[in-house]
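Enquirer: Just need the structure, nothing else, for what follows:
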Amino acid sequence: QSQVVESGGALVQPGGSLRLSCAASGFNFDTYAIGWFRQAPGKERERVLCIGRSGVSTDLDSDVLGRFSGSRSNANNTAYLQMTGLKPEDTAVYHCAAHSSGFFCPSGGMNYWGQGTQVTVSS
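Expert: This is a model prediction of the structure:
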């Protein structure tokens, strides 16, 4: 069974940091692009960034530029989202997803989606 599973969500104070993990199984992880997405209550899902199979992050949302970064370990079949300088408006359920192109992360066309992990930024 092909799947991705997120972990690492937590309650964190404004200005804090958090690293989310996305563990993949059942498919050739190193050939897939991994996208991180988030959905806040009452809002549409938005793409945070896309990590190509080479490890380069692209398509960073302007709201997270300079604060969030993506990385991956193909040896461990895991992708990461490092978040710093967290703000209350970053509160959302964060999802990772995989796309077979290896380069793109189209929100409506990802091959595998995780269930999400909750990130809450509050004092």
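
Enquirer: what about the spatially most central residue of the chain, which helix or strand?
Expert: The residue lying closest to the centre of the chain (CA atoms, centre = their mean) is Trp36, at 2.5 Å. Element membership for Trp36, per DSSP states H and E: strand 33-39.

Enquirer: contact partners of the helix or strand following that strand?
Expert: Following strand 33-39 in sequence order, the next helix or strand is strand 46-51 (DSSP H and E). Strand 46-51 is touched from outside by 33-39, 57-61, 64, 68-72, 79, 81, 94, 104-105, 107, with contacts defined as CB atoms under 8 Å, 6 or more residues apart in numbering. In this view, the C-beta of every residue, glycine as well, is placed from N, C-alpha and C.

Enquirer: 6 Å instead?
Expert: 33-38, 57-61, 64, 70, 72, 79, 105, 107 (CB atoms under 6 Å, 6 or more residues apart in numbering).

Enquirer: So among those residues, which ones count as buried?
Expert: Taking 16 or more other CB atoms under 10 Å as the criterion, what is buried in those is 33-38, 57, 59-60, 64, 70, 72, 79, 105.

Enquirer: Below-threshold pLDDT in this protein: ranges please.
Expert: Regions of the chain meeting the criterion pLDDT under 70 are absent.

Enquirer: which stretches of it form strands?
Expert: Using DSSP state E, the strands of the chain run over residues 3-7, 11-12, 18-25, 33-39, 46-51, 57-58, 68-73, 78-83, 92-99, 112-113, 117-121.

Enquirer: Give the pairing partners of the second one; include direction for each.
Expert: Spelled out, that is strand 11-12. Sheet partners assigned to strand 11-12 using DSSP bridges are listed as strand 117-121 (parallel).

Enquirer: No further queries at this time; thank you.
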